[in-house]
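Colleague: the following block contains a protein sequence and its predicted model.
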Amino acid sequence: MVFLKKQMLKRFIIVMFIAILPFKAFTEEYSLKILGDNSIKELSVENEKLVLAETLFKWTDSDANFGKGFCLGSINSFLEKIELSFLCEFLDYEGEKFWTKIYRKSSELNTGIGSQKYIKTSKKYEKLLNKECKYAVSWFDKTSFLLEQKCNISID
């Protein structure tokens with residue numbers, strides 16, 4: 001009887017391993033780190049503030065790529081609600097490019113979590129095309145920031 005229970009347990013473990021393995025085997029975690037500075041123009045009227053920003057940054061990713069880039073965007077705040085929207089271009093050390101859209105709705109500007117969507121890529125970065133990844137950002141000195149993004153990428 002004990003032998004049968006051990007056999008059933010072994011079979012159960014093998015079936016669970018086989019069921020879970022494909023999900024792990026065909027995904028990878030991709031991460032991106034960005035450190036940059038904004039030059040800003042802002043206009044405030046009563047409870048609303050609009051900030052137009054141009055961002056210059058350096059970046060590195062989990063595939064050992066690195067480069068530079070820039071973003072253009074806006075930060076609109078009204079009564080403690082903040083909406084941020086940027087379009088960005090990334091250039092790597094081999095001259096390859098990709099473009100993203102970054103957006104976030106929040107109640108605080110200095111830190112937050114948002115989404116970054118890869119809207120166009122060169123062949124090297126095609127695994128990222130149309131992927132939407134979460135990011136966390138921290139701001140300091142009003143115009144400097146650190147952004148860290150992680151997402152799971154399906155491998156075809």
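Modeller: Received it, and whenever you're ready, just let me know what you need.

Colleague: does the residue lying closest to D92 once chain neighbours are set aside have beta-bridge partners, and which?
Modeller: Sequence neighbours aside, G67 is the residue nearest to D92 in space, at 3.9 Å (criterion: Cβ to Cβ, 6 or more residues apart in numbering). C-beta here means a position set from N, CA and C on the backbone, and glycine is covered the same way. For G67, the beta-bridge partners are W59, D92 (DSSP bridges).

Colleague: quick check: the gap between G67 and Y135.
Modeller: 17 Å (Cβ to Cβ, to the nearest Å).

Colleague: one more: F70?
Modeller: Distance from F70 to Y135, by Cβ to Cβ: 17 Å.

Colleague: for these two, indicate the residue with more neighbours.
Modeller: Y135 (21 against 15; other Cβ atoms under 10 Å).

Colleague: is it true that that one touches Q116?
Modeller: Yes - using Cβ atoms under 8 Å, Y135 is in contact with Q116, at 5.2 Å.

Colleague: which neighbours do these two share?
Modeller: L32, I102, Q149 (Cβ atoms under 8 Å, 6 or more residues apart in numbering).
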